[in-house]
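Return atomic coordinates for the entry below.
(one chain, ligands or ions: 1)
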Amino acid sequence: MATATTTTQICRNFINGRWVESRSTRTAERRNPANLDEIVGVSPVSTREETREAIAAAKNAFTVWRDTPAPIRGRVIAKAALLMDQQKEELARILTREEGKTFKDSLGEVIKSVNILEFMTGEARRIGGETVPSELPKNFAYTIKQPLGAVAVITPWNFPVCIPVWKMAPALVAGNAVVFKPATITPLTAAKVVEIFEQAGVPAGVLNMVLGSGGEVGDELLQHPDVRAVSFTGSNEVGSELYAQGARRMKKCQCEMGGKNPLVVLADADLPLAVESAVFGAFASTGQRCTATSRVVVEEKVADKFVEMLVERTRKFKVGNGLDPGVDMGPAVDEGQFKTDLKYIEIGKKEAKLLLGGERLSGPGYDRGYFVAPTIFDHVAIESTIAQDEIFGPVLSVIRVRDFDEALHAANSVRYGLSSSIYTNDAAKIFEFIDRIETGITHVNSPTVGGEAQLPFGGMKATGIGLREMGRVAIDFYTELKTVYIDYTGRRRESTIY
Ligand code: NAP
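Numbers count the residues shown, from 1 in each chain. Take a look at the predicted model:
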């Protein structure tokens, strides 16, 4: 049995402006999924009591933060953008060691987070309502957006920099105080992100982080009456229950959940371009993106050619430790996800035709990590399990269809609705697709993955409920709208507004 390396970091909570050791005796150990001999961090499994302390700190800090002018709040976010940019390589390395994605993907995630911070800095000077004419003479009517109070941010492991940033930045800019609960398996990355906000000058109590389990820390955030809103990204299983419980407590909730994103290839498509996008969308980040391409829907006329090119290109995809140069795809994030990938691969072998992969990778460089071969199934039926369930691994299903209408039907025949793309140069079909595809984000002749800071991000159907994230609309979730009527005559006795 190999011994664990000693680069272990002990993680602490961040409560009321101080890094504090948890009083809990329970801990969670995090190992590098590319090399299980390397313990990258040990984090506390914090208690409900500690979560309540963080909530109290946020509630208290809110009273001052809400009265800080929004452009001044924005300066903290601007500084965080600068600091994150300066520390991007260090942060990306922590992310790769902890989550497993390639260094290039990690760096891309950090740069996107900097973009979000820059965008939200500008929004600090633009938070506003609208001024509209009143029905009454000499009456001034307008709306304002006001912060909520203490809000909770609960995030998954797959984008442990970007997702916390795209929630915390608008929450803070809008004047809220945040309690952040990151995924248990990415505590180091979360701590580094919080450290950057601390360095940027976020006042004590305005941003707090509690490390611990969803069932305890997450649940306390959901149950506590002083938490006014919960922004959650993660699985449907957790998100749907969280939303139901939040509704019972009249708590504002926003849940962004799973995806099963289709990439449609019509007969006139630029096939090399579509192949490149399918491979990148399906296997980069080990398929562990909510926007990953998990289904290719291809017109029968070009299906054989497309599939041949797809397999040939995927064979060149290099799998390994994400810190090694030239690696395109890292391991599954942990044992649970690794087993899920292999379970679905076995189901796929019964349901469809295996073209490539279909196994765990073994040998030097692979044996001590959770490496799964990029896997492609062909002749996948629309209703089959591998075409319906979110696998969240490097498994791509090819669904063959007769024509555009059948392609659209196949693309929409899942419960999820996050992202989609279509490859064609037929303008009529492009616009028809945009009209009828049931996803919150759609791409034309570009991959299903990604999203820009200044544009809304989120899904339809079972993927998302609540307001969209990112873009200008992100502020809306973290604010209440107040409608104001001012009668500046000061003399009217009877109201004529009904
Ligand atoms: P998850 O298991 O649902 O966990 C997400 C977060 O919720 C974690 O911090 C988790 O804590 C916490 N949690 C678990 N149980 C909870 C409870 N009872 N109450 C409150 N919080 C609780 O999801 P995941 O495996 O980390 O992430 C993968 C999923 O996220 C995939 O389905 C993916 O599609 C989805 N995702 C969606 C988007 C999007 O924008 N649509 C983006 C990225 C990822 P622990 O870590 O302690 O369990």
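
Quick check: neighbours of the helix or strand residue 228 falls within in the sheet, parallel or antiparallel?
Element membership of residue 228, judged by DSSP states H and E, is strand 227-233. Note on strand 227-233: by DSSP bridges, its sheet partners are strand 150-154 (parallel), strand 252-256 (parallel).

avg pLDDT for that strand?
For strand 227-233, mean pLDDT rounds to 98.

Need the contact partners of the next helix or strand after that strand.
Next in sequence after strand 227-233, counting helices and strands by DSSP H and E, comes helix 236-248. The contact list for helix 236-248 (CB atoms under 8 Å, 6 or more residues apart in numbering) reads 154, 214, 218, 222-223, 230, 232-233, 252-253, 255-258, 390, 462, 465-466. C-beta coordinates here come from the backbone N, C-alpha and C atoms, glycine included.

Which among those count as buried?
154, 214, 218, 222, 230, 232-233, 252-253, 255-258, 390, 462, 465-466 (16 or more other CB atoms under 10 Å).

Now do the same contact list for the residue nearest the centre of the chain.
Centroid-nearest residue in the chain, with CA atoms, centre = their mean: residue 163, separated by 4.6 Å. Residue 163 sits next to 155-156, 233 when contact means CB under 8 Å, 6+ apart.

The lengthiest helix in the chain near the ligand anywhere?
Criterion DSSP state H: the longest helix present in the chain is helix 103-123. No: using CB under 6 Å from any ligand atom, helix 103-123 stays clear of the ligand, coming no nearer than 11.3 Å.

any idea of the mean pLDDT in that helix?
Per-residue pLDDT over helix 103-123 has a mean of 98.

what's it packed up against?
Secondary-structure packing of helix 103-123 (3 or more CB pairs under 8 Å, 6 or more residues apart in numbering; DSSP states H and E): helix 70-86, helix 88-99, helix 162-173, helix 474-477.

now it and helix 162-173, what's the angle there?
10 degrees (axes from the mean of the first three to the mean of the last three CA atoms, to 10 degrees).

Now helix 103-123: buried residues?
Going by neighbour count (16+ other CB under 10 Å), the buried part of helix 103-123 is 103-121, 123.

residue ranges with poor pLDDT in the stretch 101-250 of the chain?
Of all residues in the stretch 101-250 of the chain, none has pLDDT under 70.

which bits of it sit near the ligand?
Counting by CB under 6 Å from any ligand atom, the stretch 101-250 of the chain sits next to the ligand at 154-159, 181, 183-184, 213-215, 218-219, 222, 233-235, 238, 242.

Looking at those, which are in helices?
219, 222, 238, 242.

Just put those in a markdown table and tack on distance to residue 140.
Shown next, in a markdown table, are those (distance: CB to CB, whole Å):
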| residue | distance to residue 140 |
| --- | --- |
| 219 | 45 |
| 222 | 40 |
| 238 | 45 |
| 242 | 41 |
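
So residue 334 sits against residue 393, correct?
No: if you go by CB atoms under 8 Å, residue 334 and residue 393 don't touch, sitting 11.6 Å apart.

if you count what's nearby, which of those two comes out ahead?
Shown here are residue 334 and residue 393; by other CB atoms under 10 Å, residue 393 has more neighbours (27 against 19).

ok, the more buried one - contacts?
286-288, 332, 337, 340-341, 344, 372.

Wait, a helix at it?
No: Residue 393: not assigned to a helix; according to DSSP: H, G, I helix; E, B strand; the rest coil it is coil.

Begin at 43 from now on, thanks
Done: numbering now begins at 43, and the last item shifts to residue 435.

Would you mind measuring from it to the ligand?
Shown here: residue 435 relative to the ligand, a distance of 11 Å by CB to the nearest ligand atom, to the nearest Å.

what do you get for residue 468?
On the measure of CB to the nearest ligand atom, residue 468 and the ligand end up 29 Å apart.

okay, now that residue: neighbour count?
Burial of residue 468 is recorded as 15 neighbouring residues (other CB under 10 Å).

my guess is it contacts residue 311, does it?
No: the criterion here is CB under 8 Å, and residue 468 misses it with residue 311 at 9.4 Å.

The ligand: which of the ones in helices among the residues of the stretch 143-292 of the chain next to the ligand is nearest?
Nearest to the ligand among these is residue 280, at 3.4 Å by CB to the nearest ligand atom.

Double-check residue 502 against residue 482; I have them as touching.
Yes: counting by CB under 8 Å, residue 502 touches residue 482, with 5.1 Å between them.

Find residues that contact each of the two.
By CB under 8 Å, 6+ apart, the residues touching both residue 502 and residue 482 are 459-460.

quick one: which of those two has more around it?
residue 482 (21 against 15).

With adjacent residues omitted, what lies nearest to the more buried one?
residue 501 (4.3 Å; CB to CB, 6 or more residues apart in numbering).

ok, the one you found touching residue 296?
No: here residue 501 lies out of contact with residue 296, judged by CB under 8 Å, at a distance of 11.6 Å.

And residue 179, how close does it get to residue 540?
17 Å (CB to CB, to the nearest Å).

So which of the two has more stuff around it?
residue 179 (8 against 4).

quick one: contacts for that one?
residue 531.

Please apply the same query to residue 468.
Residue 468 neighbours (CB under 8 Å, 6+ apart): 308, 310.

Backbone dihedrals for it, please?
Main-chain torsions, residue 468, degrees, to the nearest 10: phi -90, psi 110.

How about the secondary structure of residue 85?
Per three-state DSSP, residue 85 ends up strand.

From what I see, it and residue 227 are in contact.
No: the criterion here is CB under 8 Å, and residue 85 misses it with residue 227 at 9.0 Å.

for residue 171, what are its contacts?
184-187, 523-524.

at 6 Å instead, please
Shown in contact with residue 171 (CB atoms under 6 Å, 6 or more residues apart in numbering): 184-187.

Take those and, keeping just the buried ones, write it as a PyMOL select command.
One line in PyMOL is enough to select the buried ones among the contacts of residue 171; burial here means 16+ other CB under 10 Å:
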select buried, resi 187
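
Out of the contacts of residue 171, which sit inside strands?
Mapping those onto strands (DSSP state E) picks out 184-187.

Out of those, which is nearest to the ligand?
Within the ones in strands among the contacts of residue 171, the smallest distance to the ligand is 23.1 Å, found for residue 187 (CB to the nearest ligand atom).

wait, doesn't that closest one sit right on residue 521?
Yes: using CB atoms under 6 Å, residue 187 is in contact with residue 521, at 3.8 Å.

My read is that residue 309 contacts residue 341, right?
Yes: with contact defined as CB under 6 Å, residue 309 reaches residue 341; the gap is 4.5 Å.
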